[in-house]
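Q: Turn this into a structure:
(2 chains)
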Amino acid sequence: MTIASAQMTKRADVTGHRVTGLVLLVIGLAIFGLFGAALEPGLETKFGLNPGFGSQAIKIPDLVLPTQPAIYMLAGMAVFFGAWQLARGFRSVGAVIGIVAFCFIAAFLLWAARGKTFNLVGMLSSSLVRATPIALAALCGVISERAGVVNIAIEGIMLMATQTAVVSATISGNLYVGLVVAILTGMLLAAIHAFLAIKFKVDQIVSGVAINIFATGATSFISSRFLERNTDVLNNSGTFPVIAIPLLSKIPILGPIFFANNIIVYLMILLVVALHVLLFYTPWGLRTRAVGEHPKAADTLGINVYLMRYVNVILGGAIAGVGGAYFSIGSVGRFDEIMTAGKGFIGLAAMIFGKWNPVGAFFSSLLFGFADSLQVKLQILRVPIPSEFLLMAPYIVTMVVLAGVVGRAIPPAADGVPYEKD
Amino acid sequence: MEQTQATPELRSGSTPAPGAPAPGAPAPKARAKQRAQVPSLQTFLIPLLAVLTGLIIGGIVILVTDAVVVAAFRNFFREPGEALKAVWHSIASAYGSLLSGSFGSPREIIEGLQTYFAVGDPAPLLQAIYPITESLVASTPYIFAGLGVAVGFKCGLFNIGAEGQFFVGALGSAFVGYKLIGVPWFIHLPLAVLGGAVAGALWGAIPGYLKAATGGHEVVNTIMMNWIAFRLSDWLLNGPMKAPGYRPVTPQIEASAELPRLFALPIRFNVGFFLALAVAALIYWLIYKTTVGYEIRAVGANPDAARYAGMSITRNFVLTMMLSGGLAGLAGASQVLGIDHWVGQGFSAGYGFDAIAIALLGKSHPAGVVLAALLFGTLRSGATRMQSLAGIPIDIISIIQGLVIVFVAAPAIIRWLFRIRAGREEKLVLTRGWGA
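A: Take a look at the predicted model:
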């Protein structure tokens, strides 16, 4: 690297930042033009801050905003940040993009719900619920990839666990049995993946795809051979009840979002915290990361690389099993074919966006959950966009996020590389 | 890169070298290498055994989910004969209907031939060969889509999006097929075929570009594109492309855009099958005999070395994904223009995943892909009959496919199961992790 080339990279950087600034500026103007300008003045948008019926939270007044002025303010904010980025440049471009994206979505909601009431807390709470399987898939990805095994089989693992959960819960009449069976299913399938990837050194992506195809076939096979004809005795389990945590669930806004959910959502939040602590504050976590970054060095220090990988992948399978249980016994109480609908893959994107970090993965899952629940709410608001396009939103957001709008993520160094002992 | 610099290893072989292409290898050594390229027995043995093992395990799945067999085994110690009879009956009715659904009955074919030569009446013969032609009909889109996935593998790209590309390709073909009216067939048909290829290519190009420009992994992106394709088609079939009436389907395509059928209905066999074979030959030529193909393989074998040799990774990724998507789009086109003549919801049921199994089973070589596609087409069309006669859900084929992929990717399992000694089997280098 010479000084000249270093300067050139810097210049390219500056151009890149200018382009970003320009794009942001255009977005700001678009907010103004698309949502603000065409409104008749005097309209108001009401954001409901209380969840629906049956909530124990203390009631608070709704947030009422004058639609047009609020949109103008958001447009002004976006234009300001865009112009500043164009002229001077911010140090943290990601944060600026985040702020402008927020302005755009907020303005869009103000516009979509003009003259109506929009239940904000309801949507945020459903974002968390919809983020749950994605976050669990992402956590499964984090724990196996930190140990150096790419697990693309999450989708199939979740699908299989979804089915075993509902069937065992219906037969036994106990939802917790269903949850345990889902976890065991996840561990079994993950163990197969681990066995193929570690013992036979099969291309990990191929093995993952094979498990996905197998799981799709097996669940559909069982569904059409048994479940469709015996729905009542095999495929009708009921769902986990919502458990409102005393006191905490009474807090306005935060209470109904975080503290009035079913057990799977709580489990997910617990797992995020637990995995973070395990990975970064315990010897086990250090070993896991060592195995994923530099297995040879870890091996030299006496860490059993293969064992660490097996344990991590299988633990990941257990987490994906919980995620699978969410789809059936955690939300609708029955199994439908291909009901995971790509959530496992979206979870992988959340893992990458969250930089292979449990907490990061959780927050990016929230983003996907938000996109998912926004789509539902917009259909209710009768926004003049075909519902099919709204349904695409989570997938498009996934691709945009993967494209690394907010900086490129670096996977563990030995991710996906089979380890060969000399 | 000059094509003449290619080593014999890369020019003639059915297998890409895992390392960097080393130009100008000494002559005697090169000849030795060339001899090593003659496909060994194991090249054919392992895939065959993989399919066999998949079928055996599939059979076990059929047995353990058969209530009659399970009931018979409850009494195994009292009446072992009955249990074994139940096993035989279950398997024979399942795989028997699979076989007769795939190939028809030999007796009927011979009788048909006799009638034809004696009386000149082709009707019994046509009826007898109907199952075989249906197998070929089912194989046609598989050849295209399998080639698509295989081309991706050659460049180190794993295209799981054949499903979506198939769907948009079908929609593209259907659109050209019903929108153009009053055009002679020799213009309309090629345009309709092209419509499918272009739509699929565009759908594939997006993940290809994202992979090259941003490193976003094509596995996730192609899956996302699949879901986007499904939603988009929901919208198109309920809106802009909807035929008059209640059902969410496109209008029938014009007769001038149909791939000509060779026999009277109900035989749906059409020239699409020969088109597929021709395209397979073309892809073989492109991948192994041209500079473009050499670059694709070089990038797939070792992107860093290819970059040092002056090849553009971005261009090759986008080009390969366009090719891959275009072939999957052709699969959709062949299905619309040759068989269905319209597109409805759930049109692409499972083709994309089948294509992955086919490409892996065919070792990503066009000839292998054609053979694997014939096999899976036969299985699929037989499975339809198995579903109606023996009541075995057609999803059993997906189970078998998943198993076949595992066994092909992990030949060690097959070797261990059948006690085969390791041969000069090359390692399958297919994809890379998230970073590359």
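
Q: mind listing what the spatially closest residue to A:Gly342 that is not a sequence neighbour touches?
A: Of all residues not flanking A:Gly342 in the chain, B:Trp227 sits nearest, at 5.2 Å (CB to CB, 6 or more residues apart in numbering or on different chains). The C-beta positions use only the backbone N, C-alpha and C, and glycine is treated the same way. By CB atoms under 8 Å, 6 or more residues apart in numbering or on different chains, the residues touching B:Trp227 are A:Ala341, A:Gly342, A:Met392, A:Tyr395, B:Gly164.

Q: any idea how far the nearest residue to B:Leu337 once chain neighbours are set aside lies from chain A?
A: With sequence-adjacent residues excluded and distances taken as CB to CB, 6+ apart, B:Leu337 is closest to B:Leu259, at 4.7 Å. Separation of B:Leu259 from chain A (CB to the nearest CB, to the nearest Å): 29 Å.

Q: Could you do B:Leu374 as well?
A: B:Leu374 is 20 Å from chain A, where distance means CB to the nearest CB.

Q: List the buried residues of the strand or helix carrying that residue.
A: Assessed by DSSP states H and E, B:Leu374 sits inside helix B:366-390. Buried residues in helix B:366-390, counted by 16 or more other CB atoms under 10 Å in any protein chain shown: B:366, B:368-387, B:390.

Q: Ok, stretch A:182-201 next?
A: A:182-190, A:192-198, A:200-201.

Q: Repeat that for stretch B:207-220.
A: Buried residues in stretch B:207-220, counted by 16+ other CB under 10 Å: B:207-212, B:214-220.

Q: How about stretch B:126-135?
A: B:Leu126, B:Ala128, B:Ile129, B:Tyr130, B:Pro131, B:Ile132, B:Thr133, B:Glu134, B:Ser135.

Q: Mind checking which of these are in strands?
A: Per DSSP state E, strands hold no members of these.

Q: quick revisit: out of the buried residues of stretch B:207-220, just show me the ones up against chain A, please.
A: Among the buried residues of stretch B:207-220, proximity to chain A is found for B:Leu210, B:Thr214, B:Gly215, B:Gly216, B:His217, B:Val219, B:Val220 (CB under 8 Å from any CB of the partner chain).

Q: Farthest-apart pair in these, please.
A: Taking CB to CB as the measure, those span a maximum distance of 14.4 Å, between B:Thr214 and B:Val219.

Q: The stretch 201-350 of chain A against chain B: which residues are in contact?
A: A:202-203, A:205-207, A:209-218, A:220-222, A:224-226, A:341-342, A:345-346, A:348-349.

Q: Please repeat the previous calculation with a cut-off of 6 Å.
A: A:202-203, A:205-206, A:210, A:213-214, A:216-218, A:220-221, A:224-225, A:342, A:345, A:348-349 (CB under 6 Å from any CB of the partner chain).

Q: OK, contacts around the residue nearest to B:Leu337?
A: Residues in contact with B:Leu259, defined by CB atoms under 6 Å, 6 or more residues apart in numbering or on different chains, are B:Asn270, B:Val271, B:Gly272, B:Leu337, B:Gly338.

Q: Contact partners for the first one?
A: Okay, so that is B:Asn270. Applying CB under 6 Å, 6+ apart, the residues contacting B:Asn270 are B:Leu259, B:Arg261, B:Gly338.

Q: returning to what we had before: switch the contacts of B:Leu259 over to CSV, and while doing so, append distance to A:Val359, pLDDT and secondary structure to every line.
A: As requested, the contacts of B:Leu259 are exported to CSV (distance: CB to CB, whole Å; pLDDT from 0 to 100; DSSP: H, G, I helix; E, B strand; the rest coil):
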residue, distance to A:Val359, pLDDT, secondary structure
B:Asn270, 57, 85, strand
B:Val271, 58, 86, coil
B:Gly272, 53, 88, helix
B:Leu337, 52, 89, helix
B:Gly338, 53, 86, helix
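
Q: which one among the residues you listed gets closest to B:Gly54?
A: B:Gly272 (27.3 Å).

Q: surely the closest one meets B:Gly338?
A: Yes: counting by CB atoms under 6 Å, B:Gly272 touches B:Gly338, with 3.8 Å between them.

Q: Compare neighbour counts for the two and give me the winner.
A: Neighbours were counted for B:Gly272 and for B:Gly338 using other CB atoms under 10 Å in any protein chain shown; B:Gly272 has more, 29 against 24.

Q: which residues does that one contact?
A: Counting by CB under 6 Å, 6+ apart, B:Gly272 touches B:Thr140, B:Leu259, B:Ser334, B:Gly338.

Q: Hmm, which of those residues is lowest in pLDDT?
A: Among these, B:Leu259 has the lowest pLDDT, at 80.

Q: mind checking the SS state of that one?
A: coil (DSSP: H, G, I helix; E, B strand; the rest coil).

Q: sorry, back to before: go through the buried residues of stretch B:207-220 and name the one nearest A:Ile152.
A: Among the buried residues of stretch B:207-220, and counting by CB to CB, the member closest to A:Ile152 is B:Val219, at 6.1 Å.
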